[in-house]
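**Q** Sequence first, then the predicted structure, then my questions.
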Amino acid sequence: MPDLRIVPRDTVHPVVVPTPYRAREKLRLGTSMGMQITQNKLIPFNCVGILIDFQKRLLSTIDSTDVKTLIEKAFDLTWILDSFGIPTILTTIGARRFGGPLLPQIQMIFF
């Protein structure tokens, strides 16, 4: 018969998520305070970048900022995501009909 324990409902159990080797090594070598700081930092293993609908025809509908500036900032963000090896999700809408393809600057980095 399995060993069963009754645990109160308000008891919080920490969730242990396996981390890649380098992240584990950083955690192991640091002090307890260093471990807490390392666990709270964004690293490629605990974050993701999402670029939604960066298409030329859709960007022309934005009036809050200059389209050229927006394209430059999107390129910078894309370059940073790729340089740090952060997983990135790219989305488009209606690429064949009305949205057009993903910006060439972003395609140049990821494809």
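**A** It's in.

**Q** So what are the structural domains in this structure, by residue number?
**A** Following automatic domain parsing, one finds the domains of the chain at 18-46, 48-110.

**Q** Please identify the deepest-packed of the ones you listed.
**A** domain 48-110 (a mean of 13; mean count of other CB atoms under 10 Å). No exception for glycine: its C-beta is placed from N, CA and C like everyone else's.

**Q** The protein: helices as residue ranges?
**A** In order along the chain, the chain carries the following helices (DSSP state H): 21-29, 32-40, 56-59, 67-83, 104-110.

**Q** Can you name the residues in contact with the last one?
**A** Among residues not part of helix 104-110, those counted as contacts by CB atoms under 8 Å, 6 or more residues apart in numbering are 51, 54, 71, 74-75, 78-79, 82, 88, 90, 101.

**Q** among the helices of the chain, which gets the worst mean confidence?
**A** Comparing mean pLDDT across the helices of the chain, the lowest value falls on helix 21-29: a mean of 50.

**Q** on that earlier part again, I'd like the contacts of helix 104-110 as TSV, with distance to S60 appended.
**A** Converted to TSV, those look like this (distance: CB to CB, whole Å):
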residue	distance to S60
L51	17
F54	12
I71	11
A74	14
F75	17
T78	19
W79	23
D82	25
T88	24
L90	19
P101	14
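
**Q** Return the closest of these with respect to N40.
**A** Looking at these and their distance to N40, the nearest is T88, at 21.9 Å (CB to CB).

**Q** can you tell me how far the closest one sits from R97?
**A** To R97, T88 is 25 Å away according to CB to CB, to the nearest Å.

**Q** With L51 instead?
**A** For L51, the distance to R97 under the criterion CB to CB works out to 20 Å.
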